[in-house]
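In: Next input, structure requested:
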Amino acid sequence: MTTILAPGMRTLAVVLWVVAVALIPLALVGDGIRWLAPVPSLFIAFVAWAVLWRPRFELTPEHLRIVDVRRTSTYTWRRVTEVRTKYGIEILSSEGVRRTWLATRRSARLSAVVEGQPGGATPLDVDAAAERIRALVPAPPAQDGPPPATVTAAPITHRPHAWTIVGMIVLGVVATMAAAQL
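Out: Numbering: from 1, shown residues only. So this is what the prediction gives:
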């Protein structure tokens, strides 16, 4: 399995986690309700994980999995028809265009981690990452006559990250209210 991720986004997530931890003692020193102090920090840490740390592409011989902020989508390779890089990485399937959160611009810096390969992550640009994905997209089958009588399903599944979105909204509201009280 190959995982393509954005190390710059992950570095920013770590910086935000450090800031979130540093805010707790600063909030506790001030005048206010002590139990509300960690709420803004918890919000910052959660958003850093959901938006900056979590997004990635997972490439396996069976499927392409896109883990995004809003959902995880799994595409069987037969359903992927094209990979475009006009504005970042876009996946075209029989379902339509899927714009991804991970590489939203052509200048994004990515890295690939191959399971079982020594040496750590390999730096990539958007075009090189798209080529890695394209290498696994099968060529369309030649059709010399009528379609087959039976067809094997090639699923596309989407699993929404509803709890992540709800968590960010709730923590955002509570963090705003807590910050107003501190």
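In: In contact with the residue nearest the centre of the chain, which residues?
Out: Per Cα atoms, centre = their mean, the C-alpha nearest to the average position across the chain is that of Pro55, at 1.6 Å. Listed by Cβ atoms under 8 Å, 6 or more residues apart in numbering, the contact partners of Pro55 are Leu5, Ala6, Met9, Val67, Asp68, Val69, Thr100, Trp101, Leu102. (C-beta placed from N, C-alpha, C; glycine too.)
In: Repeat the analysis, applying 6 Å as the threshold.
Out: By Cβ atoms under 6 Å, 6 or more residues apart in numbering, Pro55 lies in contact with Val67, Asp68, Trp101, Leu102.
In: For Ala50, see how far away the first one is.
Out: I take that to be Val67. Separation of Val67 from Ala50 (Cβ to Cβ, to the nearest Å) stands at 11 Å.
In: And the helices in this protein?
Out: Under the criterion DSSP state H, the chain contains helices at 7-29, 38-47, 126-134, 162-181.
In: just these: most buried one?
Out: The highest average neighbour count among these, using mean count of other Cβ atoms under 10 Å, belongs to helix 38-47 at a mean of 20.
In: Touching it from outside, list them.
Out: Leu16, Trp17, Ala20, Leu23, Ile24, Met168, Leu171, Gly172, Val174, Ala175, Ala178, Ala179.
In: now, among these, which is nearest to Leu92?
Out: Taking Cβ to Cβ as the measure, Leu92 sits nearest to Met168 out of those, at 28.9 Å.
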